[in-house]
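Peer 1: Here is a sequence with its predicted model. Questions after.
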Amino acid sequence: EAGVAQSPRYKIIEKRQSVAFWCNPISGHATLYWYQQILGQGPKLLIQFQNNGVVDDSQLPKDRFSAERLKGVDSTLKIQPAKLEDSAVYLCASSLPLDGSEAFFGQGTRLTVV
Amino acid sequence: GNSVTQMEGPVTLSEEAFLTINCTYTATGYPSLFWYVQYPGEGLQLLLKATKADDKGSNKGFEATYRKETTSFHLEKGSVQVSDSAVYFCALRTDLRGGTSYGKLTFGQGTILTVHP
């Protein structure tokens, strides 16, 4: 079974530029998450989708971050404009929409803003 | 709100030593508890879980018991190996019965474990 795919693996941009990350979840997983992991900290949820609807985006900085999941499969996370403090690993995860289901994580995209 | 606190790291052990990584939590509702592991260059992987009080999760020689009275979920292994070197994250999820954000994982800050031969 293929896992959660993310691209790119690494990205370096200058502050005030824009960047986009892509995630392809495990086939059949209706729930998709984007987490931000700053160096030395645990992952923090940015946004959660159920199919193509948003369940929780309470910690998404909406003035600069946006995410979509058209057709309820792939998802993209965008940052525009980027700030230095956005440097982090962005993790995508997916799970079945069932109580007790395990969340499977991708390898992440490491973003460096200079 | 929900929160998870892990013991300060990093932790350095010799092979075959006993491992304990402490984890305590604060949560509303009925949380499930998890330990995730992140090996160098790899994504987060579920190591073990427990979904109700007094449950014991176990996998690959690691164990953790859900203690509601002390709000803890400490990770233990009797004899660590070099291959156990990784970052370990304790996490909780408030499930449908009591939570407002079903499926959302709240993580601790992570504990770096290094095992020397």
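Peer 2: Happy to help now that I have it. Numbers count the residues shown, from 1 in each chain, chains lettered A, B, ... in the order given.
Peer 1: drop to CA atoms for contacts and neighbour counts, all remaining ones
Peer 2: Will do.
Peer 1: my read: B:Leu47 touches B:Tyr39, true?
Peer 2: No - counting by C-alpha atoms under 8 Å, B:Tyr39 is not a contact partner of B:Leu47; they are 11.3 Å apart.
Peer 1: quick one, which of the two is more surrounded?
Peer 2: Each of B:Leu47 and B:Tyr39 has its neighbours counted (other C-alpha atoms under 10 Å in any protein chain shown); B:Leu47 has more, 19 against 14.
Peer 1: who's in contact with whatever helix or strand that one lives in?
Peer 2: In the assignment (DSSP states H and E), B:Leu47 maps to strand B:44-50. Strand B:44-50 is contacted from outside by A:102-107, B:32-38, B:56-59, B:62-66, using C-alpha atoms under 8 Å, 6 or more residues apart in numbering or on different chains.
Peer 1: which of those count as buried?
Peer 2: Neighbour-count burial (16 or more other C-alpha atoms under 10 Å in any protein chain shown) is assigned, among the contacts of strand B:44-50, to A:102-107, B:32-38, B:56-58, B:62-66.
Peer 1: List, one by one, the residues from chain B near chain A.
Peer 2: B:32, B:41-46, B:51, B:89, B:95-96, B:101, B:103-110 (C-alpha under 8 Å from any C-alpha of the partner chain).
Peer 1: hmm, try it at 10 Å
Peer 2: B:4, B:32, B:34, B:38, B:41-46, B:49-51, B:88-91, B:93, B:95-97, B:100-112 (C-alpha under 10 Å from any C-alpha of the partner chain).
Peer 1: Show me the residues you listed that map onto helices.
Peer 2: Among the residues of chain B next to chain A, no residue falls in helices (DSSP state H).
Peer 1: Whichever of these end up buried, select them in ChimeraX.
Peer 2: Typed into ChimeraX, the next command selects the buried ones out of those (criterion: 16+ other C-alpha under 10 Å):
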select /B:4,32,34,38,43,44,45,46,49,50,51,88,89,90,91,93,95,96,102,103,104,105,106,107,108,109,110,111,112
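Peer 1: A:Ile9: what's it in contact with?
Peer 2: Rather than Ile, residue A:9 is Arg. Contacts for A:Arg9 (C-alpha atoms under 10 Å, 6 or more residues apart in numbering or on different chains) come out as A:Phe21, A:Val89, A:Tyr90, A:Gln107, A:Gly108, A:Thr109, A:Arg110, A:Leu111.
Peer 1: OK, contacts around the closest residue to B:His116 other than its chain neighbours?
Peer 2: In space, B:His116 comes closest to B:Ser14 once its chain neighbours are excluded; the distance is 4.8 Å by C-alpha to C-alpha, 6 or more residues apart in numbering or on different chains. Residues near B:Ser14 by C-alpha under 10 Å, 6+ apart: B:Ser79, B:Val80, B:Gln81, B:Val82, B:Thr114, B:Val115, B:His116, B:Pro117.
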